[in-house]
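Participant: Got a predicted structure here, sequence first:
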Amino acid sequence: MPKHSKRYLALLEKVDLDKAYPVDEAIRLVKELASAKFDETVEAAVKLGVDPRKADQMVRGSVILPHGTGKQVKVLVFTRGDEEKEALEAGADYVGFQDLIEKIQKGWLDFDYVVATPDTMRDVAKLGRILGPRGLMPSPKSGTVTKDVGRVVRELKKGRIEFRVDKTGNVHVPIGKVSFDDEKLKENFLTFMEELINLRPSTFRGTYIRSVHLSPTMGPSVEVDVNSVYEEIKKRG
């Protein structure tokens, strides 16, 4: 067991570890548990029942959070020709091709998302060992390999998040900042959960959502009642 600070242990006393909280209560409590001197990120961690080692049970997707993540993201675009101007006009922070590949090979990684046009992928593939483990490799499945670079860049800047189940069956995503009001955090959270539920593999049998937890960056996590998540999504219609 890792050793926790006195501050963390004091915060932990506010959480009933035997309870799964309804969505509204969980969000209120998570905000109370944030005590750092910076605006902490609220993160959702969802344990799925799938076996990610099976190709037909791999869960991955993306969703635009209605209120963004609260973070200014840097987007890099690999392209050449007409799409360069389109990417820059959409707000991309870095646009190029071989020059950026060489820079990354030398260790530069000052960006949060990578988008690529299909014609660049043969060369961008060389960066797989660097970008892959960091979850930055462009992929047609996540929509980051595309000719429509302007739209994708705008979505990423607005608050689109990408997610995929890891090898232990967990999905982790940011859903906003502690400074967001409760309703905005709730909308972001339910928007993500609805998309995750929609991505349930058709071949999967069993309990899909095993557990859901919310936590601030520096504080303990709060378990969310899974049934309350489904109920809140139903209310959204």
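Facilitator: Great, that's in hand. Residues are numbered from 1 along each chain as shown.

Participant: so where's this structure uncertain?
Facilitator: Segments of the chain classed as low confidence (criterion: pLDDT under 70) are 1-5, 7, 9.

Participant: where's the spatially most central residue of the chain relative to Ile104, distance?
Facilitator: To find the centre residue of the chain, average its C-alpha atoms and take the closest one (Cα atoms, centre = their mean): that gives Val173, at 3.4 Å. As for Val173, its distance to Ile104 is 25 Å (criterion: Cβ to Cβ, to the nearest Å). Backbone N, C-alpha and C define where each C-beta goes, glycine included.

Participant: how about the helices in the protein?
Facilitator: Counting by DSSP state H, residue ranges of the helices within the chain are 6-12, 23-32, 82-90, 98-105, 121-124, 128-131, 149-158, 182-198, 226-236.

Participant: What is the end-to-end distance of stretch 157-170?
Facilitator: With Cα to Cα, to the nearest Å as the measure, stretch 157-170 spans 25 Å from end to end.

Participant: Name the residues that touch that stretch?
Facilitator: If you take Cβ atoms under 8 Å, 6 or more residues apart in numbering as the criterion, stretch 157-170 is touched by 45-53, 58-69, 73, 75, 90-91, 113, 135, 142, 144, 171-174, 192, 196, 210.

Participant: how much distance is there from that stretch to the middle of the chain?
Facilitator: 4 Å (Cα atoms, centre = their mean, to the nearest Å).

Participant: buried ones in that stretch?
Facilitator: For stretch 157-170, the buried set under the neighbour-count rule, 16 or more other Cβ atoms under 10 Å, comprises Lys157, Gly159, Arg160, Ile161, Glu162, Phe163, Arg164, Val165, Gly169.

Participant: quick check, nearest of the residues you listed to Leu12?
Facilitator: Distance from Leu12 was checked for each of those by Cβ to Cβ. The minimum falls on Gly169, at 24.8 Å.

Participant: neighbours of the residue lying closest to Gln98 once chain neighbours are set aside, just the number please.
Facilitator: Residue nearest to Gln98 in three dimensions, not counting chain neighbours: Asp123, with 7.0 Å by Cβ to Cβ, 6 or more residues apart in numbering. Counted by other Cβ atoms under 10 Å, the residues lying close to Asp123 total 13.

Participant: and what of Asp24?
Facilitator: The burial count for Asp24: 13, using other Cβ under 10 Å.

Participant: wait, what's in contact with it?
Facilitator: The neighbourhood of Asp24, defined by Cβ under 8 Å, 6+ apart, consists of Asp182, Lys186.

Participant: any idea how far it is from Ser228?
Facilitator: Plainly put, Asp24 is 8 Å away from Ser228 if you go by Cβ to Cβ.

Participant: In this model Glu43 seems to touch the residue nearest to the centre of the chain, though I could be wrong.
Facilitator: Yes: counting by Cβ atoms under 8 Å, a contact exists between Val173 and Glu43, whose distance comes to 6.9 Å.

Participant: just to revisit the earlier point, out of the buried residues of stretch 157-170, which one sits closest to Glu13?
Facilitator: Of all those, Glu13 sits closest to Gly169, with 29.6 Å by Cβ to Cβ.
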